[in-house]
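Participant: Attaching a predicted model along with its sequence, questions to come.
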Amino acid sequence: MAYNVFQYFSVAVAETEYIMIDIKFLRENPEVVKQNIRNKFQDSKLPLVDEVIELDKKSREFKQEADSLRAEKNKIAKSIGALMAQGKKDEAEAEKKKVAEFSERLAELEKLEPEYAEKIKTIMMTIPNIIDPSVPIGKDDSENVEIERFGEPVVPDFEIPYHTDIMERFDGIDLDSARRVAGNGFYYLMGDIARLHSSVIAYARDFMIGRGFRYCVPPFMIRADVVTGVMSFAEMDAMMYKIEGEDLYLIGTSEHSMIGKFIDQMIPEKTLPQTLTSYSPCFRKEKGAHGIEERGVYRIHQFEKQEMIVVCKPEESPMWFDKLWQNTVDLFRSLDIPVRTLECCSGDLADLKVKSLDVEAWSPRQKKYFEVGSCSNLGDAQARRLRMRVQGENGEKYLPHTLNNTVVAPPRMLIAFLENNLQADGSVLIPKALQPYMGGQTKLVPTK
RNA sequence: GGAAGCGUAUCGAAGCGGUCAUAACGGCCCUGACUCGAAAUCAGGUAGCCCGCAAGGGCUCGUGGGUUCGAAUCCCACCGCUUCCGCCA
């Protein structure tokens, strides 16, 4: 079945470029682009490469013809101006007639130009970003590759209840009220559990500030052109809530407003790298494959997150990628939660991304790891879409690379926290690092 | 929500039908001179994109349309920003 490039067009299309790679690169390296598509198991897109090359060729031919006609027209218009100034009206009239001769062909070409540009753009939007050579090749998430484990995944000799059951022992969650008020996928956190939630965010904030990141509270709503600048149509459709009657969307993560911060900006090279950590609530439709079927606070429409983003020189992005995920691992380890890193294989990697890995926390209840964070290198794709450029020290301008990573996202993170810190007597130990944020408490004791 | 003003290069800003878009003027930045070095001063340079081997050409004055031989400049619509008033945590 041919890939339907129009399937995501239900959302409004603004003027932004939605493409992920430079068409010049595609023109010069069609085989690289095709191999990349094969690596991502999107073979149905393969014919699009030759198709877009053909369209691009024709488009440039039309453009060339139109350009020379326009050049001719400009020349004549200029000479008319001169003749008028000298009062030679008859000669000016004769020149006017000349313009009419080719204005028809020019009008034809001027209609074709945007038509071809649109066709090219439509295809280019679906050509995925070139993945990093280090990305393991695989069809889907079942072929993601475990990179490294940190900490001992312990299975205690007593039973670990489902996370909402743990929370209920502390009278810490009210899903019934949440359903009445907002529906499935929302929650009330109560008492010490709510406090724990805020403590984790506050601790994570200070943790990142301690690592030299600049703290930022961004807008929680953004415009459509920022949305399309930071994510693909598929993601947008599955994730973003739109405000009715306004050109505003609720952010799905503060990455959106943090990378969007640089839209249309010329960034002085000496201000790089920009290393920022931001707090925000996040809103997601979760319309995709999983939906909201999981019970509890694992997959929800609203959560809070401490995020980190980096804007840097292209050659530095692999280095920052490693630093970023290391931060998350270190944070979880500082709270005694075992984690592992799982590299996203080619087929599971979003089209915009160059490389991505998940940080997963240990669940002693499920006896497996589950995702608590995601670290991505977007290469220059977001920069291209958002028209953010760097002004180099020696005058040249180039696209920076952008990266983002979760520091911590409760309440999901609380699942890992509660499960790993639960004691046989039903109490939950508060790790030293978190105690100052919990009013000095060393453990939480169940109320029922 | 009401009123007014504004959207021009990396920034500020002039231009208000052809002689002002290789965009005045100024700032930033770069190079050179002077200096032991720096500051100050002086001189010069500094838009992006597209097509083209090149020469060269085209496009871009918020966006889209209109008038015109010709639009940054006139007209219409839309978008955005600012200020004042109103409302408000």
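Facilitator: Nice, I can see it. Residues are numbered from 1 along each chain as shown, chains lettered A, B, ... in the order given.
Participant: What sits closest to A:Gly379 if chain neighbours are left out?
Facilitator: Leaving aside its chain neighbours, A:Gly379 sits nearest to A:Val354 (4.0 Å; criterion: CB to CB, 6 or more residues apart in numbering). To be clear about C-beta, it is placed using only N, CA and C from the backbone, and glycine gets the same treatment.
Participant: how about that neighbour, what does it touch?
Facilitator: A:129-132, A:135, A:317, A:377-379, A:381 (CB atoms under 8 Å, 6 or more residues apart in numbering).
Participant: again, 6 Å this time
Facilitator: By CB atoms under 6 Å, 6 or more residues apart in numbering, the contact list for A:Val354 reads A:129, A:132, A:377, A:379.
Participant: which residues in the stretch 151-300 of chain A form helices?
Facilitator: A:163-169, A:175-181, A:191-210, A:224-230, A:233-239, A:254-260 (DSSP state H, counting those that start in this stretch).
Participant: Quick check: mean pLDDT of the fourth one?
Facilitator: Just to be clear, that refers to helix A:224-230. Confidence over helix A:224-230 (mean pLDDT, whole number) is 88.
Participant: For RNA strand B, tell me whether it is touching it.
Facilitator: No - for helix A:224-230, no contact with RNA strand B is found by CB under 7 Å from any atom of the strand; the gap never falls below 8.7 Å.
Participant: Show the subsequent helix or strand relative to the longest helix that chain A contains.
Facilitator: Ranked by residue count, the top helix of chain A under DSSP state H comes out as helix A:46-85. For helix A:46-85, the succeeding helix or strand toward the C-terminus, using DSSP states H and E, is helix A:89-124.
Participant: and that following helix, what other elements does it pack with?
Facilitator: Applying 3 or more CB pairs under 6 Å, 6 or more residues apart in numbering; DSSP states H and E, we find helix A:89-124 packed against helix A:46-85.
Participant: Show me what counts as buried in the helix it packs on.
Facilitator: Buried residues in helix A:46-85, defined by neighbour count with 16 or more other CB atoms under 10 Å: A:48-49, A:52-53, A:55-56, A:59, A:62, A:66, A:69, A:80, A:83.
Participant: tell me, which of those make contact with RNA strand B?
Facilitator: Restricting the buried residues of helix A:46-85 to those touching RNA strand B (CB under 7 Å from any atom of the strand) yields A:66, A:80.
Participant: Throw the buried residues of helix A:46-85 into JSON lines and include pLDDT, thanks.
Facilitator: Compiled in JSON lines, these are given as follows (pLDDT from 0 to 100):
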{"residue": "A:Leu48", "pLDDT": "92"}
{"residue": "A:Val49", "pLDDT": "92"}
{"residue": "A:Val52", "pLDDT": "89"}
{"residue": "A:Ile53", "pLDDT": "89"}
{"residue": "A:Leu55", "pLDDT": "88"}
{"residue": "A:Asp56", "pLDDT": "86"}
{"residue": "A:Ser59", "pLDDT": "83"}
{"residue": "A:Phe62", "pLDDT": "81"}
{"residue": "A:Ala66", "pLDDT": "78"}
{"residue": "A:Leu69", "pLDDT": "77"}
{"residue": "A:Ile80", "pLDDT": "71"}
{"residue": "A:Leu83", "pLDDT": "69"}
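Participant: Between the buried residues of helix A:46-85, which sits nearest RNA strand B?
Facilitator: Closest approach to RNA strand B among the buried residues of helix A:46-85 (CB to the nearest atom of the strand): A:Ile80, at 3.7 Å.
Participant: give the contact list for A:Thr447.
Facilitator: Taking CB under 6 Å, 6+ apart, we find A:Thr447 in contact with A:170-171.
Participant: Which pLDDT does the model give the residue of the stretch 151-300 of chain A found nearest RNA strand B?
Facilitator: Nearest residue of the stretch 151-300 of chain A to RNA strand B: A:Met266, at 3.6 Å (CB to the nearest atom of the strand). Note on A:Met266: pLDDT of 85.
Participant: Kindly state the beta-bridge partners for it.
Facilitator: A:Arg389 (DSSP bridges).
Participant: Just list the residues touching the residue lying closest to A:Pro273 once chain neighbours are set aside, thanks.
Facilitator: With CB to CB, 6+ apart as the criterion, A:Pro273 has its nearest non-adjacent residue at 3.8 Å, and that residue is A:Cys312. Shown in contact with A:Cys312 (CB under 6 Å, 6+ apart): A:272-273, A:320, A:401.
Participant: which one of these has the most neighbours?
Facilitator: Counting neighbours by other CB atoms under 10 Å, A:His401 comes out on top of the contacts of A:Cys312 with 27 neighbours.
Participant: can you give me phi and psi for that residue?
Facilitator: phi -100, psi 150 (degrees, to the nearest 10).
Participant: Which secondary structure element of chain A has the lowest mean pLDDT?
Facilitator: Scoring the helices and strands of chain A by mean pLDDT, DSSP states H and E places helix A:89-124 at the bottom, with a mean of 74.
Participant: tell me which residues of it are tucked away?
Facilitator: Buried residues in helix A:89-124, counted by 16+ other CB under 10 Å: A:92, A:95, A:102, A:106, A:109, A:112, A:116, A:119-120, A:122-124.
Participant: next structured bit after that helix?
Facilitator: Assigned by DSSP H and E, the successor of helix A:89-124 is strand A:145-150.
Participant: could you list every residue that touches A:Leu352?
Facilitator: Contact analysis of A:Leu352 by CB under 6 Å, 6+ apart lists A:20, A:129, A:232, A:378, A:381.
Participant: and of those, the nearest to A:Leu444?
Facilitator: Distance to A:Leu444 across the contacts of A:Leu352 (CB to CB) is lowest for A:Leu378, with 39.2 Å.
Participant: so how far is A:Met239 from the closest one?
Facilitator: Using CB to CB, to the nearest Å, A:Leu378 is found at 16 Å from A:Met239.
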